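Engineer: All I have is the shape, not the residue letters:
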């Protein structure tokens, strides 16, 4: 029979095996795997350090700009994405993604509600489903970035 140990963080009883609580072991292994993966991402990006981001990316800068316009008009994210994808006649023209990327250049700047918003070209080198990462051939995508500290 397994002895029970209290986890002080959550105050839940977990069975104890070999000195480590199973949940703590899984968290530790997950962190190690993530660290190993992230340490390899800069080499994926051709020597350039990759960033990790979660947000809306689009195939074309005009699509990213249209998404920003729809959001500022009060449309929900899902509704705005559906409008852009319908207009592009491509259900995958824009979408929410977790990606490893390197920024390339600012393509367009707009002033929205007194803030500078840039449409930025990024080179996506890996994608994640939230649990695992997959390397992909470098692909240019576009996203909107609110410039920090830039208000008009």
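Structural biologist: All right, it came through fine. In this text, all values refer to a predicted model and were calculated from it rather than measured experimentally.
Engineer: contacting residues around residue 71?
Structural biologist: By Cβ atoms under 8 Å, 6 or more residues apart in numbering, the contact list for residue 71 reads 77, 80. Any C-beta I mention is one placed from the backbone N, CA and C, and that applies to glycine too.
Engineer: And the helix or strand harbouring residue 57, what does it pack against?
Structural biologist: Applying DSSP states H and E as the criterion places residue 57 in strand 51-58. In terms of contacts (3 or more Cβ pairs under 8 Å, 6 or more residues apart in numbering; DSSP states H and E), strand 51-58 is packed against helix 61-72, helix 77-88, strand 94-112, strand 133-151.
Engineer: What helix or strand is residue 120 located in?
Structural biologist: Residue 120 belongs to strand 115-128, assigned by DSSP H and E.
Engineer: And that strand, what's buried?
Structural biologist: 116, 117, 118, 119, 120, 121, 122, 123, 124, 125, 126, 127 (16 or more other Cβ atoms under 10 Å).
Engineer: Go ahead and confirm the first one touches residue 109.
Structural biologist: If I follow you right, that is residue 116. Yes: using Cβ atoms under 8 Å, residue 116 is in contact with residue 109, at 5.8 Å.
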